[in-house]
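Asker: Build me a model:
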Amino acid sequence: MLEVILTQDIDKLGRAGELVKVKPGYGRNYLLPRGMALPATKANIRQLEHHRREIAARQAKIRADHETAAASLKEAVVSIPRKVGKEDKMYGSVSTKDISEALSAQNVELDRKLIKLPEPIKTVGTHEVEVRFSADVSVNLKVEVIGVPA
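Answerer: Have a look, this model is predicted:
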């Protein structure tokens, strides 16, 4: 196992500033080249406290940005029209891409990877969709799927 110091929060791995063990390939090929971690050398471990202060300041700024974005989405409602057939049976479904595009039409830029949708929406009506910015900042977004006769 390879020890690394995380420079940012990573889901299911750890928080920024933590010393974690990962598989060598994951650390060497993914975390280190992307700047998500530092190698846990003796020098870096000694400087860990300094790195923690830097990382904490950076994370505080990112968290503040996430909270302002979440506050702007709290009251937002996204309406998506879809063709329906007999008995309100929808043609197709609504995915994260559709929700992201509808938000873009309202001048709200949001990465579709932040929208957590367990499965595509296949029914007409109002649905609650989670938008997770980080492990501790998330907001529920109202998505209205409007049936349009085919």
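Asker: what's near enough to touch the residue most central in space within the chain?
Answerer: Among the residues of the chain, the one closest to the centroid is residue 114, at 2.9 Å (C-alpha atoms, centre = their mean). Each residue near residue 114 by C-beta atoms under 8 Å, 6 or more residues apart in numbering is listed here: 131, 132, 133. For every residue, glycine as well, the C-beta is placed using N, CA and C.
Asker: Let me see the ranges of the strands in the protein.
Answerer: Per DSSP state E, the chain has strands spanning 2-6, 19-22, 37-39, 77-84, 115-116, 125-134, 137-149. These are given in chain order.
Asker: Output those in TSV, with mean neighbour count and distance to residue 50 appended to each entry.
Answerer: Formatted as TSV, the entries for the strands of the chain read as follows, by neighbours: other C-beta atoms under 10 Å; distance: least, C-beta to C-beta, whole Å:
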stretch	mean neighbour count	distance to residue 50
strand 2-6	20	11
strand 19-22	16	14
strand 37-39	21	11
strand 77-84	15	44
strand 115-116	16	35
strand 125-134	15	23
strand 137-149	16	26
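Asker: How is this protein divided into domains?
Answerer: When the chain is parsed into structural domains using automatic domain parsing, the resulting residue ranges are 2-67, 75-149.
Asker: Which residue is most remote from the mean position of the chain?
Answerer: For the chain, the largest distance from the centre (C-alpha atoms, centre = their mean) belongs to residue 86, which lies 36.3 Å off.
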